[in-house]
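Enquirer: how would this look folded up:
(chains A, B and C)
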Amino acid sequence: MTIEIKTATLEPVRNTYANVERRFGDKPATRYQEATYDLQSETNFHYRPLWQPDLELNDPRRTAIVMSDWYAFKDPRQFYYGAYVQQRAKMQEVAESNYSFFENRDLARFLSDDARAEVIRYLVPLRHVEHTANLNNMYGTAYGYGTAITQAQLFNAMDRLGMAQYLSRIGLILDGNSGDALVEAKQQWLEADIWQGLRALCEETLVTEDWFEVMLAQNLVLDALITDLVYRQFDQKLSDQGAQDIGMLTEFMQLWNKDATRWMDAVLKTAVAESNENKELLQQWIEKWRGKAAEALSPLAEAMLGESALAEALEQLDKRVAKAGIK
Amino acid sequence: MSKVYIALQDNDESRYIVEAIEEDNSEATVIHMPAMIRIEAENFLAVKRETVEEKMGRDWDVQELHVNLITLGGNVDEDDDQLTLTWNE
Amino acid sequence: MAAKKLNIKDKYRLLTRDLDWEFSYQDRNKAFPFEEFEGIKITDWSKWEDPFRLTMDAYWKYQAEKERKLYAIFDAFAQNNGQLNISDPRYVNALKIFLTGVSPLEYQAFQGFAHTGRQFGGVGARVACQMQSIDELRHVQTQVHAMSHYNKFFDGLQDWSHMHDRVWYLSVPKSFFNDARAAGPFEFMVAIGFSFEYVLTNLLFVPFMSGAAYNGDMATVTFGFSAQSDEARHMTLGLEVIKFLLEQHEDNVPIVQKWIDKWFWRGTRLLTIVSMMMDYMLPNKVMSWKEAWEVYFEEAGGALFKDLARYGIRMPKYADIIEKEKEHVSHQAWWTFYTHGHAAGFHTWIPTDEEMDWLSEKYPETFDKYYRPRWELAKEMEAKGERFYTKALPQLCTTCQIPMLFTEMDNPTQISYRDSIYKGDRYHFCSDGCKDIFDDEPEKFVQSWLPVHQIFQGNCGGPGVEDILRDYYQMNVGVDNMDIKGSPDEERWKKWKGVA
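Expert: Numbering: from 1, shown residues only, chains lettered A, B, ... in the order given. Here you go, the predicted model:
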């Protein structure tokens, strides 16, 4: 039984903001709804940007994807700023305790020379990939349309910076804070043949102009493949070599990938469901970037894991794409 | 001479920080306003980790200052041991 | 192996500054295309001094702590009907201006810093901008949440975002930020990062929030001060940007000075609305606008410009006019809103006798001489049942978009008018400052979406003012607007308090 205490004089005049009411009716709204819907300015802009005078300051034409309502991209995690930072603070607390445990107990000394070299060669250079992902998500934040998708990309961008920093810390743990491992990993990134395909691809995403395409190339195609190769297959390989403790240092990324995947899959599904034009375009983009990524990652995957590794990762990607309603 | 200043939210943590600032900056003036405490000094002011830790009786990270900070004026330099505010004359 | 201890600067350099690389496969200028067109010369991004060295893990940790505290207070405020503890229902009208006029600027700041956080070629500067971007998103969202409870009990907050895009007086703050965002990335940083954040936002967030506390508004003071805790980082970034630009190349000095002149003037004009919130809309007064101006602009800004003199930077142009205006602007602005109170999305009123005495005391040179007589006349008219509303739509300044309400400072009864002719059309301004800004960039400012012009051109519906308010602005006419006396806000308050 619910008892409702009547306080006649303190009846609210309305339950939420008018824009939220227009979308969901006059009832109490969630914090996500009030902090997300219709926040971005839509009309009556005063000046064209000097840096892009053919478009308005906020303009849906910065991508070829067309949506009748850009707020259809509801974040399944319902992250607004407060929910986001509190969620990440919990994750970082666990990560911090893992990192200190690893450092205090000097677990690095149990790593074989081979395992240590592999971590520096294959894992630490990914900090540059995370940095690219940071920029690519900032791109969608700055030029995307509607708070629902731009705020989610900003959270993603900041996450990538955080993960670039965690990966750097792994290097510092392995080199006793000298920075040598970071120098070595950067040299790999800049010079080693196995990395050049991926580096070229990262640079290509950074000069690609359609923000939705960039988001898809980064957050769907590249992330799906790298997550599977590095955080599943390479993690397994390290474990098999007795270097399972490294898993303590990448737990954050593992957890994060689940979280980000849930969001990205929802975005893709929504964009596909909107129209056939969107669907066709998304399919083209996915094919284009899947092809480029497979080629770019092939030498890295083979050196890191062996011949069949990339095929496994591609299979994971294809499943996700199919689930979103493409093909 | 120009004034550097820092303002903190008026709460329990800030009281220890203000105590520490007063101890380390004998020339500083402390002004209590609704919900905030403003501290100003001529050209230089330092918030020192060691003194705050002594007042609080626990470890304290200089970056924790940001949780209670409202505003500041002056060139900021922050490292592991202190945050300083200066004007160059 | 004993790990050596890293100090915060080295650690930050290794974790963050070293992430970028020289491109081999693409033209780097295509990835960062907007760095050169403003004429700013950056010779070496590595000289950038990080204004603060917060890694993301620490950021999440401290920000989550702030958010936990903040939302605990929002919950308590709503559960205990905290709106009953405010000093006076008139106070809430300042919050209406805040939500419709200021919170959307936080949103634009989020967007603007996302732009610079993507575009700067130096990773240190970029990351600092990114953090400011996410902080600004925090600010708009916490403001929306802080006001959420007020919105359930007071009128005029409900359609804040729709209003911001359309309502005549809200084009003042909107165009200010549109101007900054439409500029190049370096001008944006001087405009918002430096001029606005370093000097001007203090005037809003510090004395006004202190005033919120003094008027029993726990929700607002809490978000205000919690937002300010991020602001200290933003101020440090603003100052670092200026120093960096000035140190990079001597050719940058005149460009930066021009931007400082423009943005301090534009910022001063924008703050006119805050001046009236401080002097007229806070029933319990903390300090006058003039006093706040002296502490946060003259004293703090003065110290800042003395510090910057070594680079060849001088005080902003028209600082002398600005100094005189502090005696006048709040009175001129509130009078303008009082007389246009039928077309505003909040309530207006005549100051009480005690409030007028306070204004006389705080403004001994000007209030009794120029402004009290107007209010005495308004009182007489109101007593006769003829509450005064002007029929005319105001003429707006093409640059700042404020109605022509400012007077000449050597003759405070003479409205100040300036004009320029550009490509055969005449444009009107409220001041030399605004005229200079137009004359320097006429192609930009002829684009201004001036609400009164738009109304006359039939772009806002109509034909009558009431039609525009109801249909285009989506206001509840007769509820959101007009005098506080007899408003539903006032009636509800009386009912809650059990007074007739």
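
Enquirer: do the worst-scoring helix or strand of chain C on mean pLDDT and chain B meet at all?
Expert: When each helix and strand of chain C is scored by mean pLDDT, DSSP states H and E, helix C:201-205 comes last, with a mean of 85. Yes. On the criterion Cβ under 8 Å from any Cβ of the partner chain, helix C:201-205 is in touch with chain B at C:Asn202, C:Phe205. No exception for glycine: its C-beta is placed from N, CA and C like everyone else's.

Enquirer: who touches that helix?
Expert: Helix C:201-205 is contacted by residues B:70-71, C:102, C:224-225, C:227-228, C:231, C:271, C:274, C:292-293, C:296-297, C:300 when judged by Cβ atoms under 8 Å, 6 or more residues apart in numbering or on different chains.

Enquirer: ditto for stretch C:338-358
Expert: Taking Cβ under 8 Å, 6+ apart as the rule, stretch C:338-358 contacts C:90, C:93, C:96-97, C:100, C:156, C:163, C:167-169, C:280, C:283, C:285, C:334, C:337, C:359, C:367, C:372, C:375, C:378-379, C:382, C:388-390, C:394, C:403, C:465, C:469, C:473, C:475, C:480-485, C:487, C:489-490.

Enquirer: tell me which element the residue in the stretch 401-500 of chain C that chain B sits nearest to is part of?
Expert: Ranked by Cβ to the nearest Cβ, the top residue of the stretch 401-500 of chain C for proximity to chain B is C:Trp493, at 22.7 Å. Per DSSP states H and E: C:Trp493 is located in helix C:488-497.

Enquirer: and that helix, what does it pack onto?
Expert: On a contact count with 3 or more Cβ pairs under 8 Å, 6 or more residues apart in numbering or on different chains; DSSP states H and E, helix C:488-497 meets no helix or strand.

Enquirer: and that helix, how far out from the chain's middle?
Expert: 30 Å (Cα atoms, centre = their mean, to the nearest Å).

Enquirer: can you check stretch C:439-448 too?
Expert: In terms of Cα atoms, centre = their mean, the centre of stretch C:439-448 is found 21 Å from the chain centre.

Enquirer: closest residue of chain B to chain C?
Expert: Closest point on chain B to chain C, by Cβ to the nearest Cβ, is B:Ser2, at 3.3 Å.

Enquirer: OK, contacts around the closest residue to that residue other than its chain neighbours?
Expert: Leaving aside its chain neighbours, B:Ser2 sits nearest to C:Ala303 (3.3 Å; criterion: Cβ to Cβ, 6 or more residues apart in numbering or on different chains). Listed by Cβ under 8 Å, 6+ apart, the contact set of C:Ala303 reads B:Ser2, B:Lys3, B:Val4, B:Gly73, B:Gly74, B:Trp87.

Enquirer: okay, the residues you listed in JSON lines with pLDDT, distance to A:Asp210 and secondary structure next?
Expert: Shown next, in JSON lines, are those (pLDDT from 0 to 100; distance: Cβ to Cβ, whole Å; DSSP: H, G, I helix; E, B strand; the rest coil):
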{"residue": "B:Ser2", "pLDDT": "88", "distance to A:Asp210": "50", "secondary structure": "coil"}
{"residue": "B:Lys3", "pLDDT": "91", "distance to A:Asp210": "51", "secondary structure": "strand"}
{"residue": "B:Val4", "pLDDT": "93", "distance to A:Asp210": "48", "secondary structure": "strand"}
{"residue": "B:Gly73", "pLDDT": "89", "distance to A:Asp210": "44", "secondary structure": "strand"}
{"residue": "B:Gly74", "pLDDT": "91", "distance to A:Asp210": "45", "secondary structure": "coil"}
{"residue": "B:Trp87", "pLDDT": "91", "distance to A:Asp210": "48", "secondary structure": "coil"}
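
Enquirer: want to throw the residues you listed into a markdown table with neighbour count?
Expert: Converted to a markdown table, the contacts of C:Ala303 look like this (neighbours: other Cβ atoms under 10 Å in any protein chain shown):
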| residue | neighbour count |
| --- | --- |
| B:Ser2 | 20 |
| B:Lys3 | 19 |
| B:Val4 | 25 |
| B:Gly73 | 27 |
| B:Gly74 | 27 |
| B:Trp87 | 18 |
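
Enquirer: quick one on the thing from earlier: what pLDDT is listed against the residue of the stretch 401-500 of chain C closest to chain B?
Expert: Note for C:Trp493: predicted pLDDT of 95.

Enquirer: now for it, how many residues are close by?
Expert: Residues within reach of C:Trp493, counting by other Cβ atoms under 10 Å in any protein chain shown, total 21.

Enquirer: same check, this time on A:Gln236
Expert: 13.

Enquirer: ok now the helix or strand harbouring it, how far from the chain's centre?
Expert: Assessed by DSSP H and E, A:Gln236 sits inside helix A:235-240. Between the centre of helix A:235-240 and the centre of its chain there are 24 Å (Cα atoms, centre = their mean).

Enquirer: before we move on, what about stretch C:76-91?
Expert: Distance, stretch centre to chain centre, for stretch C:76-91: 25 Å (Cα atoms, centre = their mean).

Enquirer: straight-line length of stretch C:408-422, end to end?
Expert: 24 Å (Cα to Cα, to the nearest Å).

Enquirer: would that stretch count as contacting chain A?
Expert: No. Stretch C:408-422 lies out of reach of chain A by Cβ under 8 Å from any Cβ, never closer than 14.9 Å.

Enquirer: contact residues of the stretch 201-327 of chain A facing chain C?
Expert: A:Glu203, A:Glu204, A:Leu206, A:Val207.

Enquirer: the residue nearest to the third one when sequence neighbours are not counted: how many residues sit nearby?
Expert: What that stands for is A:Leu206. Excluding the flanking residues, the one nearest A:Leu206 by Cβ to Cβ, 6+ apart is C:Ala31, at 4.1 Å. Counted with other Cβ under 10 Å, the neighbours of C:Ala31 add up to 20.

Enquirer: what does the one 10 residues further on give?
Expert: C:Lys41 is surrounded by 14 other residues when neighbours are defined as other Cβ under 10 Å.
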